[in-house]
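# Just to be clear, the model below is a prediction. Sequence and coordinates:
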Amino acid sequence: MRGLISAEWLQDHLDDPSVRVVESSIAKASYDEAHVPGAAWADSHGDLLPNGDDSAGYVITPEQFASLMQRLGVTPDTTVVWYGDRHSSYAIRGFWTMDYYKHPAPVYVLDGGREGWRREGRPVTATPATPPPAGKYPVPSSVDDANHADWQATLDASRSPGAVVLDVRALDEYTGAARRAARAGHIPGAAHVEWTEATAGDNILKSPDELRAMYAAHGVTPEKSVVTHCQLGIRAAHTWFVLK
């Protein structure tokens, strides 16, 4: 079972030793000031991107993944709940990474994220979490490629009437007015819906009907395969999650 989990569920399971909560937000200062009791910290770039910076958006290596899980106190039997700010985009990248490496136990994203948890007045602490003794997390020997597209698959999708390449970057990146990657502009034929268009407030999604209508207006319909992309795969992971 994977997807959104309610704040009520998480609060009821804060003392459950089989559940590990992980925050990944814009700045660690926010985590240091106040976080969900017992939550570990995962840096959006340092932990979830292979070079530890914004130079490449590829998935971390199997060895990096296993090391991260051990540091977070996660074993293959641990249920993991990710949360964060900025519409949970960094948390969703963590969720996607665990899905890619086929973590056996349930993995969730907190509905409403950091903002929703604080808005509802739920418990927080400034005390750093003490991870349980690191268990052995095996280096993954296989991956789930169903939600991953390489350049060839993306090129093929851009040329197929049964597929959509969905560029979720800012409009100026899409048009080429702003060059933040190696080259300006967009993949020929790519549709554009900026990732934040799916949101209706701080860590709040639009209704399913609004989302379906918005994406359908850009050719993203249920019978088509979709490749979401951005620059580092963080904004794209958010849209992937919304569409799933």
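Right, received. Where do you want to start? Numbers count the residues shown, from 1 in each chain.
# Look up how far Ile204 lies from the residue of the chain most remote from its centre.
What lies farthest from the middle of the chain is Pro161; by C-alpha atoms, centre = their mean that is 27.8 Å. Noted for Pro161: a distance of 34 Å to Ile204, by C-beta to C-beta, to the nearest Å. C-beta coordinates here come from the backbone N, C-alpha and C atoms, glycine included.
# and what of Trp96?
Applying C-beta to C-beta, the value for Trp96 to Ile204 is 20 Å.
# Kindly report the same for Arg212.
17 Å.
# swap in Val220?
As it turns out, when the distance is counted by C-beta to C-beta, Val220 lies 21 Å from Ile204.
# Mind checking which of these two has more residues around it?
Ranked by neighbour count (other C-beta atoms under 10 Å), Val220 and Ile204 place Val220 first, with 19 against 15.
# With Leu243 as the reference, measure out to the more buried one.
When C-beta to C-beta is applied, the distance between Val220 and Leu243 equals 7 Å.
# which residues are in contact with both of these two?
Contact criterion C-beta atoms under 8 Å, 6 or more residues apart in numbering; residues bridging Val220 and Leu243 by contacting each: Val226.
# related to what we said a few turns ago, kindly indicate whether the residue farthest from the centre of the chain is helix, strand or coil.
Classification of Pro161 using DSSP: H, G, I helix; E, B strand; the rest coil returns coil.
# Do you know the pLDDT at it?
At Pro161 the predicted local distance difference test score is 97.
# Please work out which residues outside stretch 37-44 touch it.
So stretch 37-44 is contacted by 14, 20-26, 28, 31, 35, 48, 68, 71-73, 83-84, 90, 93-94, 123-125, 127, 129, 131, 234 (C-beta under 8 Å, 6+ apart).
# ok, now how distant is the residue sitting nearest the centre point of the chain from Arg183?
Nearest residue to the geometric centre of the chain (C-alpha atoms, centre = their mean): Ile92, 1.7 Å. With the distance defined as C-beta to C-beta, Ile92 ends up 26 Å from Arg183.
# buried ones in stretch 18-34?
Applying a neighbour-count criterion of 16 or more other C-beta atoms under 10 Å, the buried positions in stretch 18-34 are Val19, Arg20, Val21, Val22, Glu23, Ser24, Ser25, Tyr31.
# typed the wrong thing, it's stretch 48-62
Within stretch 48-62, the residues that qualify as buried by neighbour count (16+ other C-beta under 10 Å) are Leu48, Leu49, Gly57, Val59, Ile60.
# What degree of burial does the closest residue to Val168 other than its chain neighbours show, as a neighbour count?
Nearest-residue entry for Val168: Trp195, 4.1 Å, with adjacent residues in sequence omitted and distances by C-beta to C-beta, 6 or more residues apart in numbering. Applying other C-beta under 10 Å, we find 23 residues neighbouring Trp195.
# next one: the one 3 residues further on
Ala198 is surrounded by 21 other residues when neighbours are defined as other C-beta under 10 Å.
# these two touch, right, it and His238?
Yes: the criterion here is C-beta atoms under 8 Å, and Ala198 meets it with His238 at 7.4 Å.
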